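Undergrad: what's the 3D shape of this:
(one chain, ligands or ions: 2)
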Amino acid sequence: MSETKKPLRSEAWFARQDKMGFYYRSWLKNRGFPQDQFDGRPVIGICNTWSELTPCNSHFRTIAEHVRWGVLEAGGFPLEFPVMSLGETMLRPTAMLYRNLAAMDVEESIRANPLDGVVLLMGCDKTTPALLMGAASVDIPTIGISGGPMLRGVYKGRHIGSGTNTISMSEQLRSGQITLEEYHEAEACMHRSHGHCMTMGTASTMACMVEALGVGMPGNAAIPAVDARRNLLAREAGRRIVEMVRQDIVLSRILTREAFENAIRVNGGIGGSTNAVVHLIAMARRIGVDLGLEDWDRLGRDVPCLVDLMPSGRFLMEDFFEAGGLPVVIRELGERGLINKDALTVNGRTIWENNAAVECWNREVIHAFDKPFKPSGGIAVLRGNLAPDGAVLKPSAASPHLMKHTGRAVVFESIEDLHARINDDALDIDETCVMVLKNCGPKGYPGMAEVGNMPLPPKLLKRGITDMIRISDARMSGTAYGTVVLHTAPEAAAGGPLALVENGDLITLDVEARSLHLHVDATELDRRRAAWTPPAPHAGRGYVKLYVDHVLQADAGCDLDFLVGRSGAAVPRDNH
Ligand code: FES
Ligand code: MG
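TA: Residues are numbered from 1 along each chain as shown. Ligands and ions are numbered 1, 2, ... in the order given. Okay, here's the model as predicted:
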């Protein structure tokens, strides 16, 4: 690809020989940058989400150093900057409440600074979509680097996975199968290295999306955080971003509709997290691609799940990496015509040029397309009078016997209501019931918390019941499993039909027919709607008020309405 003669953004800061040039250069010289550093070389931002409060990104100072070396080697000028970091395990009420705030930080930080290209360091769940959404609204040359998954968790000689075994061990503790001492010991055994969750949860799914979208370097998804090859990848990305600036390969050349279609298909192939649905829709609509729930159902429907990873299967990301990683999945799908092969990736080659010749080293971990791990890895989009704007379910994590089922609703008005009553043996519930949880959506929680995989009643757990149909307007952790209907839109707090469900109503889930039906007639629903009052507002001021007033529903990606689209990279006016 040829080099562009387009002036660099940074020239508007550094090529000036007036008072403003003094401002822009002089303060940077306190870091030891000599005059010749301002000779028109590409300035590369290293956008870092390092934070001690985001344990999954705690090694990002090291990754940033490797990117810096790569940028220098290619003749660029690296400048690292922090943005709001979102730690999934610490932030309350949910990291998702702040995804859009972090995206605003990223967008404005890139545009307002003298940056010609940017490398995004992303790991823990929300950091990936937040950074890509923000960068998409600016649209300069961009490479995403994921921090990589942790090593396998190992407890009593057995491999344990982030989140997935947290959930199962919590249930074992509640039902008395393990002691509190064992529980505490397992905490340190599960997360024993740098990196993000090492199941195919949301972070690993989003790292796969980065690679499948072509916005990350080949191999980005699965190299463990502590493997030297993660540092090599960072260094190569640092070199490459300088070339991308010289060739003017902006983000919108990478994040095309074809790229998003590839990502959705790959999500099917990996049995990826339902959270990817909201994040990819939001990212696409930032860059100007009109992606919707229909695309998820249509494109993912015939894609088998090829990888045997937790939460749906047995293995962990380290096994996935050793088996060949995401390139093998892309090759398997591409050989069946399920990949748009000409999609450009950040290394300057097409997705197919990157992946056509890769080999699989372990068919137990990554199955061949014609001998898949599970027949369906995609996301089922359900509609009906209970979800006029859609709801989602991950068939590969659900129980076959519940995929077509009618049951009696047991309703919880809030997560607190559920926690207060779920352990009560007097609760009128059995395994044929449908658990319904309200007011956990974007406006309702607020932030659409990962509480959709409701804990089952202990009295049923003790009888060996491991799954029931659960319906809510919440999300669920990508590390969770079960026959769980999520993202019901419109949400209860916005007056969606979910708000009108009462104990004893019959609900039918039919995944094959993609339907979710509440057996209550329209007249009765109208009567209930007239009597419904919206929940009290969460905040009278501040970001939470801004968020609740402007957040879009799950089918539109939960972005803030005024953030959809892009404003571009035009250089703002001088500051003095
Ligand atoms: Fe950070 Fe899972 S908690 S990736
Ligand atoms: Mg999560």
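
Undergrad: what are the pairing partners of the longest strand anywhere in the chain, and which direction each?
TA: In the chain, ranked by residue count with DSSP state E as the criterion, the top strand is strand 404-412. Here strand 404-412 has these sheet partners by DSSP bridges: strand 434-437 (parallel), strand 506-510 (antiparallel).

Undergrad: Glu171 touches Leu461, doesn't it?
TA: Yes: between Glu171 and Leu461 there is a contact at 5.9 Å, judged by CB atoms under 8 Å. Quick note: C-beta positions are derived from backbone N, CA and C, even for glycine.

Undergrad: circling back: buried ones in the longest strand of the chain?
TA: By neighbour count, and taking 16 or more other CB atoms under 10 Å as the criterion, the buried residues in strand 404-412 are His405, Gly407, Ala409, Val410, Val411, Phe412.

Undergrad: can you give me how far the worst-scoring helix or strand of the chain on mean pLDDT is from the chain middle?
TA: Of all the helices and strands that make up the chain, helix 164-174 has the lowest average by mean pLDDT, DSSP states H and E, namely a mean of 86. Distance, stretch centre to chain centre, for helix 164-174: 23 Å (CA atoms, centre = their mean, to the nearest Å).

Undergrad: which non-adjacent residue is nearest Ala357?
TA: Spatially, and ignoring its direct neighbours in sequence, Ala357 is nearest to Arg331 (7.9 Å; CB to CB, 6 or more residues apart in numbering).

Undergrad: Can you get me a residue count around that neighbour?
TA: Close neighbours of Arg331, defined as other CB atoms under 10 Å, add up to 21.

Undergrad: and which of the buried residues of strand 404-412 is nearest to ligand 1?
TA: Distances from ligand 1 to the buried residues of strand 404-412, taken as CB to the nearest ligand atom, are shortest for Phe412 (25.2 Å).

Undergrad: so Leu306 makes contact with Arg331?
TA: No: the pair Leu306 and Arg331 does not pass the contact test of CB under 8 Å, sitting 10.4 Å apart.

Undergrad: What sits closest to the residue of the stretch 301-450 of the chain at minimum distance from ligand 1 if chain neighbours are left out?
TA: Across the stretch 301-450 of the chain, the shortest distance to ligand 1 (CB to the nearest ligand atom) belongs to Glu450, at 10.3 Å. Using CB to CB, 6+ apart and skipping the chain neighbours, the partner closest in space to Glu450 is Ser477 (4.5 Å).

Undergrad: pLDDT score assigned to that neighbour?
TA: Turning to Ser477, the model gives it a pLDDT of 91.

Undergrad: Next, count neighbours for it.
TA: Burial of Ser477 is recorded as 26 neighbouring residues (other CB under 10 Å).

Undergrad: and it, which of the three is it?
TA: Under DSSP: H, G, I helix; E, B strand; the rest coil, Ser477 falls in the coil class.

Undergrad: looking at the strands paired with strand 404-412, which is buried most?
TA: strand 434-437 (a mean of 25; mean count of other CB atoms under 10 Å).

Undergrad: and it, how far from the chain's centre?
TA: On the basis of CA atoms, centre = their mean, strand 434-437 sits 25 Å off its chain's mean C-alpha point.

Undergrad: Check stretch 68-75 too.
TA: Between the mean C-alpha position of stretch 68-75 and that of its chain there is a distance of 29 Å (CA atoms, centre = their mean).

Undergrad: try stretch 153-168
TA: Here the centre of mass of C-alpha atoms in stretch 153-168, compared against the chain's by CA atoms, centre = their mean, lies 22 Å away.

Undergrad: Can you mark which positions in that stretch are buried?
TA: Residues of stretch 153-168 classed as buried by neighbour count (16+ other CB under 10 Å): Gly153, Tyr155, His159, Ile160, Gly161, Ser162, Gly163, Thr164, Asn165, Thr166, Ile167, Ser168.

Undergrad: and those residues near ligand 2, which?
TA: The overlap between the buried residues of stretch 153-168 and the neighbourhood of ligand 2 (criterion: CB under 5 Å from the ion) is empty.

Undergrad: And the furthest pair within those?
TA: His159 and Ile167 (15.6 Å; CB to CB).

Undergrad: Mind splitting the chain into its structural domains?
TA: 11-151+193-355, 380-540+546-554 (automatic domain parsing).

Undergrad: what's the first-to-last distance across the shortest one?
TA: Its start and end residues considered, domain 380-540+546-554 measures 14 Å (CA to CA, to the nearest Å).

Undergrad: Now look at it and say if it contacts ligand 2.
TA: Yes: with CB under 5 Å from the ion as the measure, domain 380-540+546-554 is seen reaching ligand 2 through Ser477.
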